[in-house]
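Engineer: Quick one, structure for this:
(one chain, ligands or ions: 1)
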Amino acid sequence: MRIENLPAAFVDAQRVLQVIEQHGYEAYFVGGSVRDTLLHLPIHDVDLATSAYPAEVKQLFACTIDTGIEHGTVTVRYHRHSFEITTFRTESGYQDYRRPDQVTFVRSLQADLMRRDFTVNALAMRENGEVIDLFHGLSDLQAHIIRAVGDPDHRFREDALRMMRAVRFGSQLDFTIEPVTLAAIQTNRALLAKIAIERIHVEFVKMLLGLAPLRGLQQMLTTHLLDYLPVLNQFGKQLTEVVNRPLAQQLANETQVWSWLAVNLGWEAPQIQSALHAWKSSKQLTLAVTKVTAAVHALLEQHLTNWQLYQTGAVRLTDAAQVAVALGHPDQTTALQQRYQELPIHSKHDLAINGNQLIQSGIKPGPALGHLLNSLEHQVVAGTIANETKQLLAAANQQSEAKKAW
Ligand SMILES: Nc1ccn([C@@H]2O[C@H](COP(=O)(O)OP(=O)(O)OP(=O)(O)O)[C@@H](O)[C@H]2O)c(=O)n1
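Structural biologist: Now for the predicted structure:
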């Protein structure tokens, strides 16, 4: 089959393919961009595969970057776009990091496609939009099936992360995992123990952001992939209940994913922090999830204070409101944003007084001054004092005197 009118993302890449072909090599679009074009989904990166060796590719373009030359990948900069061009290759038994000594460059497209994970990811496309389908990827795409290319045991032994990827694509695309492939996940699950948590993390989050996240979680439970997921492996019983509760709305970002899990699993701040630490998450994400989860709890119990609104911030408030919706509660996004906008201040910088002004008014520098400023911030947010310099100065001096006398 041939795709007419390729999306705009392919235009410069088509020129790159033409250049390679004009020099006598084969070159194709491969991977996710072909799959997603056929599914009419947005395209992220356009990856190219070629029979030319990296050194040969480099000779053809003015601007190239050696992104992974030992694995056969050269990045070509063309009209301000970047394309990863990878020499056809086969790999044997790479587990976590692609080992150059296990990569063999080949001159055949078929050998390259054969070592790819799933049939829907093993499609190639010529510059003119003609699809090359050596492993029945098109019929699986039409039938919404995730199926390993060839023997699933081989594919999973080559890279155990593919077991997570199967579940991820199943949820992301709302596709069914073909039974033999699914059974092979259960058989090979222990191989996941060798995979770096950072890679598992990416797939797990994409899975929960997908169209069918509960089915994905259910598959992690039934195949026992879950046993190899840090911290969550201790929550099998609770997760069994989670998958039976409907998700009223798709989760929209990673903060929402972890907050939704935290609320479902009853995690408080210390548990969130240790779980996200085990999953090697950034401090920024951990802080966001801690705040959003606390806000969701307060929302559900209907006692979200102004101070909590203030501390959570506008973006995280929307995340909290959306997680509450996903949990089946009414949408409070607009009401919360309005309450937030009406707060007298939105950060410490908005306070009509600062430390220097307090010192000039006779208050001694030191930790007590910091406490005093925090207390003024609290009072302004709570609405018990106006955000007005004179009033704040008077209140500060009064509170500082009262402390001294005490
Ligand atoms: N463990 C892996 C990872 C990738 N691939 C192959 O490399 C391609 C590109 O991989 P990647 O960019 O990780 O995924 P995409 O399929 O492009 O999907 P997405 O960008 O949505 O993650 C895949 O389509 C697949 O053919 C594979 O066979 N095994």
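Engineer: give me the number of residues near the closest residue to residue 220 other than its chain neighbours?
Structural biologist: Nearest residue to residue 220, sequence neighbours excluded (CB to CB, 6 or more residues apart in numbering): residue 226, at 4.4 Å. Glycine gets a C-beta too; all of them are placed from N, C-alpha and C. By other CB atoms under 10 Å, the residues close to residue 226 number 21.
Engineer: hang on, residue 226 packs against residue 239?
Structural biologist: Yes: here residue 226 reaches residue 239: they are 7.0 Å apart, a contact under CB atoms under 8 Å.
Engineer: which residues are in contact with both of those two?
Structural biologist: Taking CB atoms under 8 Å, 6 or more residues apart in numbering as the contact rule, residue 226 and residue 239 both touch residue 232.
Engineer: pLDDT score assigned to the residue of the stretch 151-300 of the chain at minimum distance from the ligand?
Structural biologist: For the stretch 151-300 of the chain and the ligand, the shortest gap (CB to the nearest ligand atom) falls at residue 159, measuring 4.4 Å. For residue 159, the pLDDT comes out at 94.
Engineer: Please identify the buried residues of the one helix or strand residue 318 maps to?
Structural biologist: Using DSSP states H and E, residue 318 falls within helix 314-326. Using 16 or more other CB atoms under 10 Å as the burial criterion, the residues of helix 314-326 that qualify are 316, 317, 318, 319, 320, 321, 322, 323, 324, 325, 326.
Engineer: before we move on, what about stretch 336-353?
Structural biologist: Buried residues in stretch 336-353, counting neighbours by 16+ other CB under 10 Å, are found at 336, 340, 343, 344, 351, 352, 353.
Engineer: Make sure the fourth one is actually in contact with residue 385.
Structural biologist: No: under the criterion of CB under 8 Å, residue 344 makes no contact with residue 385, lying 9.1 Å away.
Engineer: got the contact list for the residue nearest to residue 220?
Structural biologist: Contacts of residue 226 (CB under 8 Å, 6+ apart): 220, 232, 233, 236, 239.
Engineer: can I see the domain layout of this structure?
Structural biologist: In terms of domains, the chain is parsed into 1-143, 147-245, 251-343, 348-405 (source: automatic domain parsing).
Engineer: I'd like the average pLDDT over the longest one.
Structural biologist: Just to be clear, that refers to domain 1-143. Throughout domain 1-143, pLDDT has a mean value of 90.
Engineer: end-to-end on that domain?
Structural biologist: Length of domain 1-143, first residue to last, CA to CA, to the nearest Å: 16 Å.
Engineer: Let me know the helix or strand that residue 293 is in.
Structural biologist: Assigned by DSSP H and E, residue 293 falls in helix 283-300.
Engineer: In PyMOL, how would I select just the buried ones from the contacts of residue 226?
Structural biologist: Buried subset of those, written as a PyMOL selection, criterion 16+ other CB under 10 Å:
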select buried, resi 220+232+239
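Engineer: Show me which residues of this structure are close to the ligand?
Structural biologist: Counting by CB under 6 Å from any ligand atom, the residues of the chain close to the ligand are 31, 32, 44, 47, 116, 117, 121, 122, 159, 161, 162, 165.
Engineer: Write a ChimeraX command that selects only the buried members of those.
Structural biologist: Selection of buried members from the residues of the chain next to the ligand for ChimeraX, criterion 16+ other CB under 10 Å:
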select :31,32,47,116,117,121,122,159,161,162,165
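Engineer: In TSV: the residues of the chain next to the ligand, plus secondary structure.
Structural biologist: Putting these into TSV (DSSP: H, G, I helix; E, B strand; the rest coil) gives the following:
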residue	secondary structure
31	coil
32	helix
44	coil
47	strand
116	coil
117	coil
121	helix
122	coil
159	coil
161	helix
162	helix
165	helix
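Engineer: quick revisit: and the residue nearest to residue 220, how close does it get to residue 234?
Structural biologist: 10 Å (CB to CB, to the nearest Å).
Engineer: so which pair among the residues of the chain next to the ligand is furthest apart in space?
Structural biologist: 44 and 159 (20.1 Å; CB to CB).
Engineer: Sketch out the low-pLDDT regions of the stretch 201-350 of the chain for me.
Structural biologist: Scanning the stretch 201-350 of the chain for pLDDT under 70 picks out no residues.
Engineer: which residues of the stretch 201-350 of the chain fall in strands?
Structural biologist: For the stretch 201-350 of the chain, applying DSSP state E, counting those that start in this stretch gives no strands.
Engineer: Hmm, I typed the wrong one, I wanted the stretch 51-200 of the chain.
Structural biologist: With DSSP E, counting those that start in this stretch as the criterion, the stretch 51-200 of the chain has strands spanning 64-68, 73-78, 81-87, 89-91, 103-105, 124-125, 131-132, 145-146, 176-177.
Engineer: now, of those strands, which is deepest in the fold?
Structural biologist: Of all these, strand 124-125 carries the top mean neighbour count, a mean of 24, counting by mean count of other CB atoms under 10 Å.
Engineer: What is the neighbour count of residue 366?
Structural biologist: Using other CB under 10 Å: residue 366 sits among 9 other residues.
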